[in-house]
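[1] next comes the sequence, and after it the predicted model I'd like to discuss.
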Amino acid sequence: LAKTTQPISMDSYEGQEVNITCSHNNIATNDYITWYQQFPSQGPRFIIQGYKTKVTNEVASLFIPADRKSSTLSLPRVSLSDTAVYYCLVGDGNDMRFGAGTRLTVKP
Amino acid sequence: DTAVSQTPKYLVTQMGNDKSIKCEQNLGHDTMYWYKQDSKKFLKIMFSYNNKELIINETVPNRFSPKSPDKAHLNLHINSLELGDSAVYFCASSQQGAKNIQYFGAGTRLSVL
């Protein structure tokens, strides 16, 4: 299993862009990189997934360098409602584990 | 329509009791999971089933017994409840494959008194 390392917490202000980086040095060839968001008292929710380069959807962007040993989740212009825990998972679908995640706090 | 639904949402019970949590998904997925999230907020996988067959069985006390009557349902039965079982339990489902995007239920908050 590819182990992931993320910052435990981050603070930001409304309207700023937030970048959360995840390290996964032993990522395997078949592994995808997936990010989830969890609000208090709710289950995790899928945000974005990628294999290499850049992926963008209506919620976020995911940047993956050529060596794939890290990835960066980018949230444009965050609002108070983006306060949540963000998890980075790496795996090939057979066994993907949640780490401690990054607790993002957006302040007014 | 809720994609992954769990019942009950809250469960308060005494030590030593036996309780069950039900989970159903209407996404047509073939893989289902149970997770435990404790007070420290770590989300730990407990079990994974694929087409009613057990795939992942973490180091979980055998008081916990998952049951999958069909691939749309994965229930969790817990015998002889202990204080340490208090947590939020999440059910999830996914379509088996490399991408394996999981969809989670709203959670069941279990409080053992």
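    Everything's here; your move.

[2] what's the neighbour count on whatever residue of chain B ends up closest to chain A?
    As assessed by C-beta to the nearest C-beta, chain A sits closest to B:Phe104 within chain B, at 3.0 Å. From N, CA and C alone the C-beta is placed, and that goes for glycine too. The tally of other residues near B:Phe104 (other C-beta atoms under 10 Å in any protein chain shown) stands at 23.

[3] and the residue lying closest to it once chain neighbours are set aside, how many neighbours?
    For B:Phe104, ignoring the flanking residues on the chain, the nearest one in space by C-beta to C-beta, 6 or more residues apart in numbering or on different chains is A:Gly43 at 3.0 Å. Neighbour count of A:Gly43, defined by other C-beta under 10 Å: 22.

[4] which pLDDT value goes with A:Gly43?
    pLDDT, A:Gly43: 94.

[5] check contacts around it.
    Shown in contact with A:Gly43 (C-beta atoms under 8 Å, 6 or more residues apart in numbering or on different chains): B:Val4, B:Phe90, B:Ala92, B:Phe104, B:Gly105, B:Ala106, B:Gly107.

[6] for the first one, give its distance to A:Gly43.
    With distances taken as C-beta to C-beta, to the nearest Å, B:Val4 is found 8 Å from A:Gly43.

[7] still on that earlier bit, which helix or strand contains the residue nearest to B:Phe104?
    Assigned by DSSP states H and E, A:Gly43 falls within no helix or strand.

[8] where's it relative to B:Gln37, distance?
    Distance from A:Gly43 to B:Gln37, by C-beta to C-beta: 9 Å.

[9] swap in B:Gln14?
    For B:Gln14 relative to B:Gln37 (C-beta to C-beta), the value is 22 Å.

[10] more neighbours: the two, which one.
    It is B:Gln37, of B:Gln14 and B:Gln37, that has more neighbours when counted by other C-beta under 10 Å, with 19 against 8.

[11] related to what we said a few turns ago, so what sits against both of A:Gly43 and B:Gln37?
    By C-beta under 8 Å, 6+ apart, the residues touching both A:Gly43 and B:Gln37 are B:Phe90, B:Gly107.

[12] the lowest-mean-pLDDT helix or strand in chain B pairs with which strands?
    Every helix and strand in chain B was compared by mean pLDDT, DSSP states H and E; the lowest is strand B:53-57, with a mean of 81. Strand pairing for strand B:53-57, determined by DSSP bridges: strand B:43-50 (antiparallel).

[13] now the partner strand, how far from the centre of its chain.
    Distance of strand B:43-50 from its chain centroid, counting by C-alpha atoms, centre = their mean, to the nearest Å, is 7 Å.
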